[in-house]
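Colleague: Got a predicted model here, sequence first, then my questions.
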Amino acid sequence: MKTKIMIIALSLLMLTAGSAWAAEPETPATSDEGKTAVASEETPPPETVSEPSHGFGHKLLFYIPNRILDVFDFMRLRVRVGPGFAVGVRATKLLSAFVGGYSSIYAGLPGPRLAPVVKWPIGLENYAGVGVSLADATAGGNFGPNYSNTEFEVSVHPLIIGFDIGVDPVEVLDLALGFLFIDIRGDDL
């Protein structure tokens, strides 16, 4: 009975969380100069953009759904199916390497959210290029894997089937502090 209530509550949360999760790109696409100029004209200066502040009632209402989402944030465990050949390893952004490319459908735990959105356990993913540490020439467009800067991860995609396994220690800390209403990642709904 409790499981059914939790599933219904989580489903309602996903439906009422707004469309931000669908409209928010996971990884920014590499753009050319023309698109960059247009985007900079449309974006207001940083001092005029304000973060929405949620009151204690909102935090209390979303306390349990946020903790459930935090439990799934610290682990990335996905299987991918689609054409490609790629290998990647990362021990934070500074110690990372990736080469190859793939376009796939994935299923599994999507990893850190990094924003107040709900990530689905099934989706599209593409990633291509070469990257070593901060010298990153990879592109994922709107369907990239969205790795965290503090994530430890291994990714292999030989031909048709690939996998992605990772853990983010900062998300573990975010989960622990979340029980005290402290959100260090800024990913609570």
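Modeller: On my side now, so go ahead. Numbers count the residues shown, from 1 in each chain.

Colleague: And residue 150, how far from residue 107?
Modeller: 24 Å (CB to CB, to the nearest Å). Any C-beta I mention is one placed from the backbone N, CA and C, and that applies to glycine too.

Colleague: And those two? Which one has more around it.
Modeller: More crowded of residue 150 and residue 107, by other CB atoms under 10 Å: residue 150, with 18 against 14.

Colleague: excluding its backbone neighbours, what's nearest that one?
Modeller: In this structure, residue 150 finds its nearest non-sequential neighbour in residue 170, 4.4 Å apart by CB to CB, 6 or more residues apart in numbering.

Colleague: give me the number of residues near the one you found?
Modeller: 17.

Colleague: Need the residues that contact the one helix or strand it maps to.
Modeller: When secondary structure is defined using DSSP states H and E, the element that contains residue 170 is helix 169-178. Counting by CB atoms under 8 Å, 6 or more residues apart in numbering, helix 169-178 makes contact with 66-67, 70-71, 73-74, 112, 148, 150, 152, 183-185, 187-188, all of which sit outside it.

Colleague: If we use 6 Å, what do you get?
Modeller: Around helix 169-178, the neighbours that count as contacts under CB atoms under 6 Å, 6 or more residues apart in numbering are 67, 70, 73-74, 112, 150, 184-185.

Colleague: Pull out the buried positions in it.
Modeller: 170-171, 174-175, 178 (16 or more other CB atoms under 10 Å).

Colleague: Ok, stretch 111-127 next?
Modeller: Of the residues in stretch 111-127, those buried under the neighbour-count criterion (16+ other CB under 10 Å) are 111-114, 116-119, 125-127.

Colleague: Please name whichever of those residues scores lowest on pLDDT.
Modeller: By pLDDT, residue 114 ranks lowest within the buried residues of stretch 111-127, coming in at 79.

Colleague: tell me the phi and psi of that residue?
Modeller: Listed backbone geometry of residue 114 is phi 60, psi 0, with angles given as degrees, to the nearest 10.

Colleague: Just the helices from this protein, written as ranges.
Modeller: Taking DSSP state H, the helices of the chain run over residues 2-16, 20-23, 33-42, 56-61, 63-73, 169-178.
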